[in-house]
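Novice: sharing a model prediction with you, sequence too.
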Amino acid sequence: MFRVLFYHPEIPPNTGNAIRLAANTGCELHLVEPLGFTLEDKQLRRAGLDYHDLARVRVHADLDAAWHALLPAKVYAFSAKATRLYTEVAYEPGDVLLFGPESAGLPADVQRAPEITERVRLPMLPTSRSLNLANTAAITLYEAWRQNGFALPPG
């Protein structure tokens, strides 16, 4: 299945929603520290409802640790400034969907990392700055899953 990677997430409900997304789709959710909250945060737990035990969530001390756990894989870095649309990518199980922190998005050095296969974006109005992190992850994950016939993860 697909792997969603949040780099330095800041807002607990977004990660809580992503935990619920992971539980309902079978994707893995990977979080790169530092996090703007703890996994016991009340808002995170509320947003994830009772899905926390059903989701595969892994926390990494830094991006290098995440790369070590996730590679080799194609890594799609999401940025509002990218030119390629998320619908133009042919996703495959095992691909990594990388998203940056809510306040600033992925830093330029992360976007230029050699592990990145391609930068992609979701369309939005030219006057808009960004979409919500959890919503962007959900939209993208469901597109990747749709392209693969909504195949269920093994096991």
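Specialist: In hand now; what should we look at?

Novice: residues in contact with Leu39?
Specialist: By Cβ atoms under 8 Å, 6 or more residues apart in numbering, the contact set of Leu39 is Val57, Val59. For glycine as for every other residue, the C-beta is placed from the backbone atoms N, C-alpha and C.

Novice: now it: how far from Gly100?
Specialist: Leu39 sits 20 Å away from Gly100, taking Cβ to Cβ, to the nearest Å as the criterion.

Novice: quick check: end-to-end length of stretch 146-153?
Specialist: Separation of the first and last residues of stretch 146-153 by Cα to Cα, to the nearest Å is 13 Å.

Novice: surely Ile11 meets Asp41?
Specialist: No - counting by Cβ atoms under 8 Å, Ile11 stays clear of Asp41, with 10.0 Å between them.

Novice: between the two, tell me which one has more neighbours.
Specialist: When Ile11 is set against Asp41 and neighbours are counted by other Cβ atoms under 10 Å, the residue ahead is Ile11, at 20 against 17.

Novice: relative to Leu131, how far out is the residue lying closest to that one once chain neighbours are set aside?
Specialist: The shortest distance from Ile11 to any non-neighbouring residue, by Cβ to Cβ, 6 or more residues apart in numbering, is to Glu102 (5.1 Å). Using Cβ to Cβ, Glu102 is found at 10 Å from Leu131.

Novice: so which elements touch the lowest-mean-pLDDT helix or strand in the chain?
Specialist: Within the chain, no helix or strand scores below helix 42-48, which has a mean of 74 by mean pLDDT, DSSP states H and E. Secondary-structure packing of helix 42-48 (3 or more Cβ pairs under 8 Å, 6 or more residues apart in numbering; DSSP states H and E): helix 12-25.
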